[in-house]
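Participant: predicted model follows, preceded by the sequence.
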Amino acid sequence: MKRKRIVVIGGGPAGMMAAIRASQLGQDVTLIEKNPSLGRKLLLSGKGRCNLTNTSDLDSFLERFSKYSQFLRDAFKKFFNRELMDFFEKRGLRLKVERQMRVFPVSDLSGSILEVLKKELRDNKVRVIYKKELSGVKIDEDKVKGALFKGGEFLACDSLILATGGVSYGFTGSTGEGLDIARKSGHRIVEVRPGLVPLETKESYPAFLEGLALKNIRLRFTDGKKHIVSEIGEMMFTKTGISGPLVLSLSRRITDWLDKDREVSVELDLKPALSDEKMDARLLREFGRNPTKTIKNTLKELLPQRMVGVFLMLAKIPENKNVSQITQKERKFLVALFKAMRMAIKGPRPIKEAMVTRGGVSLKDIDPRTMESRIVKDLYFAGEMIDVDADTGGFNLQAAFSTGYLAGESASLP
């Protein structure tokens, strides 16, 4: 049987896995990457540790995606979390499962994941070409014929897999040219928006707390009618607002509210393990231990030191006031602030700061059983350029690997 010439555009997780799978099936594979190296965005994932997947079962996994999650069912049935973990472990990389069932390499280095992928590309004799940027796709009678590159070069192929990513973290090379080319070839593109993105607040004081992480807290977002309550976890203040795992995971839903011109606010429960009554009792106990102590020094026992000044500013209580002088009204206000420190949400940060891209090639134009275009024969899509996105926790990377695997296998079929 004649080997098929398969060209994969994009050297991220989806593109590398597509190239690997096609080469495993004996095809002549060329992987094109416009950067001078592979996996630039992969190296940043999981804060440089690479949360490559999650051990949740299939149904729970799909629930972490947007409303079109069922589109991924076929890809996940073909190559899911266990298969992905086996892929790396069989190649000598040890993995570990942390809280919330997130999977990381034992090395805690994203580079460990990338090295396995690069070695597999070499072992399977995938031709990797760097610093070459796609400019178009040649199509004849609704069938792909090859890829066009800046400078006028043309590379013929039997099948073409586009895995160029979205538009988030553009400095890694995800600048959206693949989406433009998909649009020009007749595909519908769902408007791109930021996903897993920090949120800006109308209040300016987060700038004074920039970089401060709050652990074991809970967030409650509201638009006045509906409420979203987070799990207990971690949040971080930024120069313009809030970020961290709790914020990023819920940012998609909050952005949807904001898109509908809703007024959105967030309440920080700094002591979710304590009821209002128990919080009040805790304050009384702290006040009683040393009545001559200032409120500022007392609150250092309950809050990060950097936060005390802002907290008292919001409570409108002088920092040097002795706790014995704190009125019942002031104490009740402190309790309310501990349980519901409120900020108004202005909007999401720009998409270039988002971890993932929402939107992309419409799922209506892609066959979920193969990742092949419904419009152009032998053209396939994989990874972030497809209109699917999920919460933090390894879900998005698994989707990239799974769609890449399926696209590579489908493109290899006679």
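Facilitator: Everything's here; your move. Numbering: from 1, shown residues only.

Participant: only C-alpha atoms for contact and neighbour calcs from this point on.
Facilitator: Fine.

Participant: gap between the two ends of stretch 35-48?
Facilitator: End-to-end distance of stretch 35-48 (Cα to Cα, to the nearest Å): 19 Å.

Participant: what's the average pLDDT for that stretch?
Facilitator: For stretch 35-48, the mean pLDDT works out to 90.

Participant: show me how far it is from its chain's centre.
Facilitator: Remark: stretch 35-48 is offset 13 Å from the chain centroid, using Cα atoms, centre = their mean, to the nearest Å.

Participant: now do that stretch: everything it contacts.
Facilitator: Contact partners of stretch 35-48, identified using Cα atoms under 8 Å, 6 or more residues apart in numbering, comprise 11-13, 49-51, 108-111, 114, 130-132, 169, 172-173.

Participant: go with 6 Å
Facilitator: G11, G12, S110, Y130, K131, T172 (Cα atoms under 6 Å, 6 or more residues apart in numbering).

Participant: what residues of that stretch count as buried?
Facilitator: Buried positions in stretch 35-48, judged by neighbour count with 16 or more other Cα atoms under 10 Å: N35, L38, G39, R40, K41, L42, L43, L44, S45, G46.

Participant: so which of those residues sit within helices?
Facilitator: Counting by DSSP state H, these place R40, K41, L42, L43, L44 in helices.

Participant: of those residues, just say which sits nearest to L270.
Facilitator: Checking these against L270 by Cα to Cα gives L44 as the nearest, at 29.3 Å.

Participant: Y130 contacts L31, correct?
Facilitator: No - with contact defined as Cα atoms under 6 Å, Y130 does not count as touching L31 (8.5 Å).

Participant: the more surrounded of these two?
Facilitator: Each of Y130 and L31 has its neighbours counted (other Cα atoms under 10 Å); L31 has more, 23 against 15.

Participant: backbone dihedrals for that one, both of them.
Facilitator: Here is the backbone geometry of L31 (degrees, to the nearest 10): phi -110, psi 120.

Participant: show the contacting residues for Y405.
Facilitator: With contact set as Cα under 6 Å, 6+ apart, Y405 has these partners: M17, A18, R21.

Participant: returning to what we had before: any chance of CSV for the ones in helices among the buried residues of stretch 35-48, columns distance to I217?
Facilitator: Compiled in CSV, these are given as follows (distance: Cα to Cα, whole Å):
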residue, distance to I217
R40, 32
K41, 29
L42, 29
L43, 29
L44, 26
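
Participant: report the longest helix in the chain, please.
Facilitator: Counting residues, the longest helix found in the chain (DSSP H) is helix 395-412.

Participant: averaged pLDDT, that helix. What do you get?
Facilitator: For helix 395-412, the per-residue pLDDT averages 97.

Participant: remind me which helix or strand the residue lying farthest from the centre of the chain belongs to.
Facilitator: Within the chain, the residue lying farthest from the chain centre (Cα atoms, centre = their mean) is T292, at 48.4 Å. Using DSSP states H and E, T292 sits within no helix or strand.

Participant: list the contacts for it?
Facilitator: Residues near T292 by Cα under 6 Å, 6+ apart: N322.

Participant: distance of it relative to L314?
Facilitator: Where L314 is concerned, T292 sits at a distance of 22 Å (Cα to Cα).

Participant: show me what the strand ranked longest in the chain is packed against.
Facilitator: Longest strand of the chain, by residue count under DSSP state E: strand 213-222. Under the contact criterion of 3 or more Cα pairs under 6 Å, 6 or more residues apart in numbering; DSSP states H and E, strand 213-222 touches strand 227-229, strand 233-237, strand 264-269.

Participant: so which bits of that strand are buried?
Facilitator: Neighbour counts over strand 213-222 (16+ other Cα under 10 Å) mark L214, I217, R218, L219, R220, F221, T222 as buried.

Participant: list the neighbouring strands of it plus their orientation.
Facilitator: In the sheet, strand 213-222 lines up against strand 227-229 (antiparallel), strand 233-237 (antiparallel), strand 264-269 (antiparallel) (DSSP bridges).

Participant: so can I have TSV of those showing mean neighbour count, mean pLDDT and distance to L162?
Facilitator: Formatted as TSV, those follow (neighbours: other Cα atoms under 10 Å; pLDDT from 0 to 100; distance: least, Cα to Cα, whole Å):
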stretch	mean neighbour count	mean pLDDT	distance to L162
strand 227-229	14	95	36
strand 233-237	19	96	35
strand 264-269	20	97	37
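
Participant: and of those, who's closest to M355?
Facilitator: Checking the strands paired with strand 213-222 against M355 by Cα to Cα gives strand 233-237 as the closest, at 15.5 Å.

Participant: average pLDDT across whichever helix or strand comes after that closest one?
Facilitator: Proceeding N to C from strand 233-237, the next assigned helix or strand is strand 241-243, under DSSP H and E. Mean pLDDT, strand 241-243: 97.
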